[in-house]
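**Student:** Model the structure of this input:
(one chain, ligands or ions: 2)
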Amino acid sequence: MNALLPRPRSSPAPGAVHVPGWLDLDRQRELVAACREWARGPVPMRHTRLPRGGVMSVQSVCVGWHWRPYSYSRTALDVNGARVADFPSWLAELGRAAVADAYRDPAASAAYAPDTALVNFYGADAVMGMHQDRDERSDAPVVSLSIGDTCVFRFGNTRTRTKPYTDVELESGDLFVFGGASRHAYHGVPRVRPRTGDPATGLAAGRLNLTLRTTGLPG
Ligand SMILES: O=C(O)CCC(=O)C(=O)O
Ligand SMILES: [Fe+2]
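**Tutor:** Ligands and ions are numbered 1, 2, ... in the order given. Just a heads-up that it's a prediction; the model follows:
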């Protein structure tokens, strides 16, 4: 990134907003530290197993509710059977601030109550194929926070996993929110740009992504 040129916010589709540089360095460091704790347990960060026997190239750990393809539960039955870490109130607060800033609408964000976070770690070769986030029973927006190496985030449409889509560069500290008409848009991460992150975040290499969501599940 050329720091002399501020990157403007953009909206690649209705309900989808990219806010560059939303997290300051201190906030990024706090999030890296929190993710490092969650990665240790009670459910360790690992490559999620897919139903057909493969594993995802990203490593993941969940907070609040455990996600595995393709449902949520409180315990990680596909890992070690432990109950996932509780979803902290400060993270819900951060999610509300993110929605308020992305949509420039404090009222819309007041009711935003995410109850799960999916923490993804991308090594240099990790990617995420085009998919919809559709295991939630709520239409509340998804809040995505990026730290570390820059990636190409491909944001598409609700009908197909192919074009039309927009490629957005997500850098460390960037916020991306997708809700409303884009809540079920296909999206993915075709590539990460190695060694583009600032080690001052506490992340020596790779990319960390947190997505906050509302499961819509009881209890
Ligand atoms: O890493 C990202 O930016 C996107 C992650 C994502 O789409 C997901 O975890 O469902
Ligand atoms: Fe997703």
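**Student:** partner residues bridging the residue nearest the centre of the chain?
**Tutor:** The C-alpha lying nearest the average C-alpha coordinate of the chain belongs to Thr211 (Cα atoms, centre = their mean; 2.6 Å). Legend: beta-bridge partners of Thr211 under DSSP bridges are Leu118, Ser144.
**Student:** what separates it from Leu23, distance-wise?
**Tutor:** 14 Å (Cβ to Cβ, to the nearest Å). All C-beta spots, glycine's among them, are computed from the backbone N, C-alpha and C.
**Student:** now do Trp67
**Tutor:** Taking Cβ to Cβ as the measure, Trp67 and Leu23 are separated by 23 Å.
**Student:** And these two? Which one has more around it.
**Tutor:** Shown here are Trp67 and Leu23; by other Cβ atoms under 10 Å, Trp67 has more neighbours (24 against 21).
**Student:** Report the contact partners of the closest residue to the more buried one other than its chain neighbours.
**Tutor:** Leaving aside its sequence neighbours, Trp67 sits nearest to Leu118 (Cβ to Cβ, 6 or more residues apart in numbering; 5.7 Å). Residues in contact with Leu118 (Cβ atoms under 8 Å, 6 or more residues apart in numbering) are 60, 62, 67, 210-211, 213.
**Student:** Would you mind trimming the residues you listed to those in range of ligand 1?
**Tutor:** Thr211 (Cβ under 6 Å from any ligand atom).
**Student:** Quickly check: stretch 94-104 near ligand 1 or not.
**Tutor:** No: using Cβ under 6 Å from any ligand atom, stretch 94-104 never reaches ligand 1; the gap is at least 13.8 Å.
**Student:** Which positions within that stretch qualify as buried?
**Tutor:** When neighbours are counted by 16 or more other Cβ atoms under 10 Å, the buried residues of stretch 94-104 are found to be 94-103.
**Student:** and of the residues you listed, the nearest to ligand 1?
**Tutor:** Taking Cβ to the nearest ligand atom as the measure, ligand 1 lies nearest Ala98 of the buried residues of stretch 94-104, at 13.8 Å.
**Student:** After the helix or strand encompassing the closest one, which helix or strand is next?
**Tutor:** The secondary structure element spanning Ala98 is helix 89-103 (assigned by DSSP states H and E). For helix 89-103, the succeeding helix or strand toward the C-terminus, using DSSP H and E, is helix 106-110.
**Student:** and that next one, what does it pack onto?
**Tutor:** Using 3 or more Cβ pairs under 8 Å, 6 or more residues apart in numbering; DSSP states H and E as the contact criterion, the elements in contact with helix 106-110 are helix 89-103.
**Student:** can you tell me the residue of this structure closest to ligand 1?
**Tutor:** Nearest to ligand 1, among the residues of the chain, is Asn209, at 3.4 Å (Cβ to the nearest ligand atom).
**Student:** and that residue, what does it touch?
**Tutor:** Shown in contact with Asn209 (Cβ under 8 Å, 6+ apart): 119-120, 122, 144-147, 151, 170, 189.
**Student:** How about residues contacting the lowest-mean-pLDDT helix or strand in the chain?
**Tutor:** Taking mean pLDDT, DSSP states H and E as the measure, the helix or strand of the chain with the lowest value is helix 106-110, at a mean of 86. With Cβ under 8 Å, 6+ apart as the contact definition, helix 106-110 has outside contacts at 96-100, 103.
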